[in-house]
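*Asks:* let me see the structure of the following:
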Amino acid sequence: MLVVRGRVWFRGRLDTLSIGIDEDGRIAAIKKLLRGDETIDHGDALILPGCVDMHVHMRDPGLTQKDDFPSGTRSAAIGGVTTIADMPNTLPAVTAPSVLREKIAGLRGRAVVDYALYAAPQSGSALGRFKEAIGFKVYMAESTGGMQVDIPTTEDILTAAEKDKRLVVVHAEDPQKFTKPRARGLEGHSMARPVEAEVSAIATIARLRGSAAVHVAHVTSVTALDAVPAGVTSEVTPHHLFLDISRARDAFGKVNPPLRSREEREALWEAFRAGRLDVIASDHAPHTIDEKQEPFDEAPVGVPGVATSFPLVMRRTRAGDLPLERVVSAMATRPAEILGIEKGVIEIGRDADLIAIDPRQVGTIRAKKLRYKCGWTPFDGMEGSFPQHVYLRGELIVEQGEPVGVNAGRFVQPSSS
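*Replies:* Numbers count the residues shown, from 1 in each chain. Prediction:
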């Protein structure tokens, strides 16, 4: 038995404990002292559950000049993420069960961390055929991949999801509320796809969802958050928490839904601190530098972020701006609960997905460290607290801040499958 020792986040607080990990990579014991075949003592370092990023676009298959699973999951591990859920707007798009099965087969043995996959059914009647999907993505407006569905189809999918008890993740923007940009650039992009578009789309979801399990992706404003009804979960991205139209560089900050004003960003941060948002998810959506250097109105939307979400947030914890409990909940426990997977908590019987981190070690974020295939980050120059060691089911995948290079990641299906 492997024993990992440190200041463990266990049952809502830090305590100096030993975690015993069995040969299957599961937590077998948690005690003050344990004996094992091998003991790794992390001293005063914090031992936290591995992060679960429930919203990434690894661009694999079909768009692998931007990213791919070997590269993207290695970056995830560097940032303390041990499980990802990959979106369906690849080439081909995951709109048919056969495409999902082909994607599953093509990714086998190519991931550093564990992974789940979303599908994008085009009708409610198709839901039952996507048994392996962790959930379903509904795009209420056009974004990368052109997978928008209309309101009747959205209602059809929600009705079927309610019956089948499956998760629906919604890109909530109402295209009827879009306007023509008043100017090129980030401010014009924000005005063209205003907060009102989010509010209108969320109101539509509230009207149509019944009791379906719905998760609203990438909320950008407290005004939009106020529209999220009880029983619907929500997420915020690091780029909407740490960047705004004055703190990003031209098309390198172009995302959907857009970055907002500094005032809206600061209010959103306070809402997150107060526990009003369930999850932080990266919405990791890389494009090449050449693509982002195209004229603003032609440049694609999306930024890379899977490696920096946890370090950015942990830095704010070290600064005293955020309780550690909020970090663990929003980046590990709640996303695992929403996805319905046995991750996100240090508990006997769970996978030994662990982060060892000394929050006192603060570094400057640089693209080179992150190992992104796209070669850039919108958070360049900001400070982050990166994990020193990361375990996936008890196996070291990051050691002294560097990826070990093992493709130990497994495909994760819904617990009910």
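
*Asks:* burial count for residue 134?
*Replies:* Here the count is done by other CB atoms under 10 Å, and residue 134 has 25 residues near it. Where C-beta positions appear, they are placed from N, C-alpha and C, glycine not excepted.

*Asks:* try residue 402
*Replies:* Residues contacting residue 402 under the criterion other CB under 10 Å number 12.

*Asks:* so for the strand ranked longest in the chain, what gets flagged as buried?
*Replies:* Identified as the longest strand of the chain according to DSSP state E is strand 38-49. Buried residues in strand 38-49, counted by 16 or more other CB atoms under 10 Å: 40, 42, 45-49.

*Asks:* strands paired with it, and their directions?
*Replies:* Using DSSP bridges, the strands paired with strand 38-49 are strand 2-10 (parallel), strand 354-357 (antiparallel).

*Asks:* and the strands in the stretch 201-350 of the chain, which stretches?
*Replies:* 213-216, 233-236, 279-280 (DSSP state E, counting those that start in this stretch).

*Asks:* what pairs with the shortest one, and is each one parallel or antiparallel?
*Replies:* Based on DSSP bridges, the pairing partners of strand 279-280 within the sheet are strand 233-236 (parallel).

*Asks:* can you list the domains in the chain?
*Replies:* Following automatic domain parsing, the chain resolves into domains at 2-47+351-359+380-403, 51-339.

*Asks:* pick the most buried one from these.
*Replies:* Among the domains of the chain, the stretch with the highest mean neighbour count (mean count of other CB atoms under 10 Å) is domain 51-339, at a mean of 21.

*Asks:* next one: it to chain centre, how far?
*Replies:* Relative to the chain's own centre, domain 51-339 is displaced by 7 Å; criterion: CA atoms, centre = their mean, to the nearest Å.

*Asks:* what mean pLDDT does that domain get?
*Replies:* Averaged over domain 51-339, pLDDT sits at 96.

*Asks:* start and end of that domain, how far apart?
*Replies:* Terminal residues of domain 51-339 lie 13 Å apart, using CA to CA, to the nearest Å.

*Asks:* what helix or strand is the residue lying closest to residue 20 once chain neighbours are set aside located in?
*Replies:* Nearest residue to residue 20 in three dimensions, chain neighbours excluded: residue 29, at 3.7 Å (CB to CB, 6 or more residues apart in numbering). Assigned by DSSP states H and E, residue 29 belongs to strand 27-31.

*Asks:* paired strands for that strand, with orientation please.
*Replies:* By DSSP bridges, strand 27-31 pairs with strand 13-21 (antiparallel).

*Asks:* contacts for the partner strand, please.
*Replies:* 1-8, 10, 27-34, 36, 39, 46-47, 324, 346, 352, 354, 391, 393-394 (CB atoms under 8 Å, 6 or more residues apart in numbering).

*Asks:* cutoff 6 Å now
*Replies:* Residues from elsewhere that reach strand 13-21 (CB atoms under 6 Å, 6 or more residues apart in numbering): 1-5, 7-8, 10, 27-31, 33-34, 352, 394.

*Asks:* separation between the closest residue to residue 291 other than its chain neighbours and residue 372?
*Replies:* With CB to CB, 6+ apart as the criterion, residue 291 has its nearest non-adjacent residue at 5.4 Å, and that residue is residue 300. Per CB to CB, to the nearest Å, residue 300 is found 15 Å from residue 372.

*Asks:* over to residue 44?
*Replies:* To residue 372, residue 44 is 31 Å away according to CB to CB.

*Asks:* next, residue 148: phi, psi?
*Replies:* For residue 148, the backbone dihedrals (degrees, to the nearest 10) come out as phi -60, psi 140.
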